[in-house]
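Enquirer: coords please:
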Amino acid sequence: MTDVVKLLSAICIVGEENTLEKVLEAITTAGEWRGIERFSPIVQGLRDRSVQLQVACMQLINALVTSPDELDLRLHIRNEFMRCGLKEILPHLTTIRNEALDIQLKVFEEHKEEDMMEFSHRLEDIKCELEYPFHLNKHKIRIECPLLGRFSIIQNI
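Expert: Down below sits the predicted model:
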């Protein structure tokens, strides 16, 4: 399994433009055929006692999570891994003293933080776009009322 996982991660990283899509499609098909979550076998590999397999699985996870150009796809894949059990396994993996595994865990965390920053900036941009008209567009409304006469209201819209 270690060799297959290493090979898949290398294919994802150095493959052509649509290679990642093909790998994800194959993983999805295998999961559907077996009736399991598509990333479950990879997460199960992290539970194995073999540190080499754990390193290879983290390499594949990093390849799958970091390869897409689109932030939405990266977030989707990462969140799917977390729901498959990666969230519970990560604290245990950090206690294992292995340089190669530590590097892969560091890569995972760094890319996760970068994506969270990009997502945060996107949310701030959306928030600003939504708030902008409300803060800067003040309209003066003149109202004529037979009982009260003429008066003006400055309204934030």
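
Enquirer: Can you get me a residue count around residue 29?
Expert: Number of residues near residue 29 (other C-beta atoms under 10 Å) recorded here: 11. All C-beta atoms are positioned from the backbone trio N, CA, C, and that covers glycine.

Enquirer: Confirm that it lies within a helix, as I assumed.
Expert: Yes: counting by DSSP: H, G, I helix; E, B strand; the rest coil, residue 29 is part of a helix.

Enquirer: separation between it and residue 36?
Expert: Residue 29 is 12 Å from residue 36, where distance means C-beta to C-beta, to the nearest Å.

Enquirer: ok, now residue 117?
Expert: Noted for residue 117: a distance of 33 Å to residue 36, by C-beta to C-beta.

Enquirer: what's the answer for residue 120, then?
Expert: With C-beta to C-beta as the criterion, residue 120 and residue 36 are 33 Å apart.

Enquirer: neighbour count winner among the two?
Expert: Neighbour count, other C-beta under 10 Å: between residue 120 and residue 36, residue 36 has more, with 13 against 10.

Enquirer: how about the more buried one, secondary structure?
Expert: Following three-state DSSP, we place residue 36 in the coil state.

Enquirer: Just give the nearest non-adjacent residue to residue 42, would you?
Expert: Take residue 42 and drop its neighbours on the chain: the residue closest to it by C-beta to C-beta, 6 or more residues apart in numbering is residue 57, 5.3 Å away.

Enquirer: residue contacts, that neighbour?
Expert: By C-beta atoms under 8 Å, 6 or more residues apart in numbering, residue 57 lies in contact with 5, 42-43, 45-46.
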